[in-house]
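sharing a sequence plus its predicted fold:
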Amino acid sequence: MSDRKFALAVAATGTAVLAMMPGAPTASAAVSELTVDPSLSVGMSTNYGTGCIHYLVARLSVGIVPVAFYDNGALLAVVNPTDGIATIPWVPSSTGGHSLVALQDGVGRGVDVSVGRGYRFGESCVVTGG
């Protein structure tokens, strides 16, 4: 075996051993962005209303790890992402401030929204207050 081939074999073996060692670096899951889609809701102060259907959308760095969604600390749902995005419908049940959070593997993003009173008209929603 030539010196060059021997050096390549040693380097490849060392790389393989390092990759198998405990504590080797791995890709970390994380929510890179959380947005609240108001859907067909409109209002003067806020577009988010009680009884209206909105969508929480989490964009992810790793698209295979489940995502947990929270509203004011209460678990809403845990969902499996599709194509690097996790989405759930959100229908607020109370007016006022809502702190929404999406967590993936313990890392997440949050957003605060103000919720007014919603009045549904078919698929759309008119929001007052907030």
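Arrived safely. Everything quoted here is computed from the prediction, not taken from an experiment.

mind jotting down where the helices sit in the chain?
Taking DSSP state H to define them, one finds helices in the chain at 3-20.

residue ranges with poor pLDDT in it?
Residue ranges of the chain with pLDDT under 70: 1-28.

against residue 87, how distant is the spatially most central residue of the chain?
For the chain, residue 58 is the residue whose C-alpha lies nearest the centre (CA atoms, centre = their mean; 2.9 Å). Separation of residue 58 from residue 87 (CB to CB, to the nearest Å) stands at 7 Å. All C-beta spots, glycine's among them, are computed from the backbone N, C-alpha and C.

residue 36 now?
Distance of residue 36 to residue 87, given as CB to CB: 11 Å.

overlap in contacts, these two.
Taking CB atoms under 8 Å, 6 or more residues apart in numbering as the contact rule, residue 36 and residue 87 both touch 55, 56, 57.

go ahead and confirm the last one touches residue 38.
No. Taking contacts as CB atoms under 8 Å, residue 57 lies outside contact range of residue 38: 11.4 Å.

what segments of the protein are strands?
Counting by DSSP state E, the chain has these strands, from start to end: 31-37, 41-43, 54-60, 67-71, 74-79, 85-90, 96-104, 107-115, 117-121, 124-128.
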